[in-house]
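# The sequence and its predicted three-dimensional model are supplied below.
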Amino acid sequence: MTTSIPPLSRRSRSVSAEVAAHLEGLIISGELCAGDKLPSERELAASMNISRSSLRQAMFELESKKLIERRQGRGSTVTEMARGAAQLAGSLAEADIELGYASELRDLVEPRIAHLAALRAVESNLLSLETVLGQSHETLSATESLRLDIEFHTLLAHAAQNPLLVTLCTMTTDWTRRTRALSHRTKLGRRISLRGHHLIYDAVARRDGMAAAAAMELHLREVRDLSIPPGPAISATAPGSFAAAASRRGYE
């Protein structure tokens, strides 16, 4: 049984890039799941009102990203997670991960993801990120804002073109979801988070890896501050703290 595909919203970009971005977004958001069979090439091209040549280019790109599998006579299906990534995810899922460790891993991995995304993102990746940013605004509910936040970071990981980094991003999202939700409690928090996303995207779109990594580091710091529950807290820059020591050594 084939899966129906929501309509494509066209923009003034490459048709094949728009189609690839549309389908990639559906896969990453979970609307299309592993094992789902896509409509035939003829049906899909007709439903999107595009040429079959443009569709083929888009499908080739999705196949090269290992998001779909195409087989002669059997059509296209959404792929399972890559074997190595699946093994990593399975191993990590069994671990009892402390939140502090997960946050530290995120601090190490996500700036590198942003840096690589700036170097490796193709047009469809940028379109997917633009779509999520266009849907995001501070007046959303906390739940919807968090969902789009997670989708942005996941799309960015895909733009880095490394399935293991996608897996690490997904796992740290699962481990830090409850605290990340705290940063979306208020309109101010949602505004600060979205501003960070725009800064990251702008650097990625400029192909500026260093700026993208720096923007991600700033974003993670701001989100961490927003996620601290109300009440007395030890300053991160207090004498003797790790952050203060790192700052003195030139790490921050």
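Good, I have the coordinates.

# where does Ala213 land in three-state SS?
Secondary structure of Ala213, reduced to three states by DSSP: H, G, I helix; E, B strand; the rest coil: helix.

# In this structure it contacts Asp107, no?
No: assessed by CB atoms under 8 Å, Ala213 is found out of contact with Asp107, at 11.3 Å. For the C-beta atoms, the positions are set from N, CA and C on the backbone; glycine is no exception.

# Of those two, give the one with the bigger neighbour count.
The neighbour count for Ala213 versus Asp107, taken as other CB atoms under 10 Å, is higher for Ala213 (21 against 15).

# in the chain, which residue is closest to the centre?
Thr154 (1.8 Å; CA atoms, centre = their mean).

# Can you tell me how far that one is from Thr172?
Applying CB to CB, to the nearest Å, the value for Thr154 to Thr172 is 11 Å.

# Ok, Tyr201 next?
Distance from Tyr201 to Thr172, by CB to CB: 20 Å.

# Check the offset of the helix or strand encompassing Ser193 from the chain's centre.
Assigned by DSSP states H and E, Ser193 belongs to helix 187-205. Offset of helix 187-205 from its chain centre (CA atoms, centre = their mean, to the nearest Å): 13 Å.

# Not counting its own residues, what contacts it?
With contact meaning CB atoms under 8 Å, 6 or more residues apart in numbering, helix 187-205 is reached by 114, 117-118, 121, 126, 129-130, 133, 136-140, 142, 145, 149, 152, 156, 159, 182-184, 209, 211-212, 214-216, 218-219, 222-223, 226.

# Buried subset of those, written for ChimeraX?
Restricted to buried positions by 16 or more other CB atoms under 10 Å, the ChimeraX selection for those reads:
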select :114,117,118,121,126,129,130,133,136,138,140,142,145,149,152,156,159,182,183,184,209,211,212,214,215,216,219,222,223,226
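
# if we can go back for a sec, give the buried residues for the helix holding Ser193.
Quick answer for helix 187-205 (16+ other CB under 10 Å): 189-190, 192-194, 196-197, 199-201, 203-205.

# Make TSV from those residues and add pLDDT to it.
Below are the buried residues of helix 187-205 laid out as TSV (pLDDT from 0 to 100):
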residue	pLDDT
Gly189	94
Arg190	95
Ile192	96
Ser193	96
Leu194	96
Gly196	97
His197	98
Leu199	98
Ile200	98
Tyr201	98
Ala203	98
Val204	98
Ala205	97
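
# how about the residues you listed, which pair is most distant?
Gly189 and Ala205 (24.8 Å; CB to CB).

# show me where this structure has helices.
With helices called from DSSP state H, the chain shows them at 15-29, 41-48, 52-64, 83-93, 99-120, 123-135, 142-159, 163-182, 187-205, 209-226, 242-248.

# right, and those - which one's nearest Gly75?
helix 41-48 (8.1 Å).

# Give me the buried positions along the closest one.
Under 16+ other CB under 10 Å, the buried positions of helix 41-48 are Leu44, Ala45, Met48.

# and the second one, how far is that from Ile5?
Counting by CB to CB, the gap between Ala45 and Ile5 amounts to 11 Å.

# before we move on, back to that, tabulate the helices of the chain (TSV), appending distance to Gly35.
Shown next, in TSV, are the helices of the chain (distance: least, CB to CB, whole Å):
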stretch	distance to Gly35
helix 15-29	12
helix 41-48	17
helix 52-64	15
helix 83-93	14
helix 99-120	27
helix 123-135	22
helix 142-159	19
helix 163-182	17
helix 187-205	31
helix 209-226	33
helix 242-248	44
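
# Let me know which of those is the nearest to Arg71.
That would be helix 52-64 among the helices of the chain, by CB to CB, at 10.5 Å.

# Give me the helices and strands touching the closest one, please.
Judged by 3 or more CB pairs under 8 Å, 6 or more residues apart in numbering; DSSP states H and E, helix 52-64 is in contact with helix 15-29, helix 41-48, strand 68-71.
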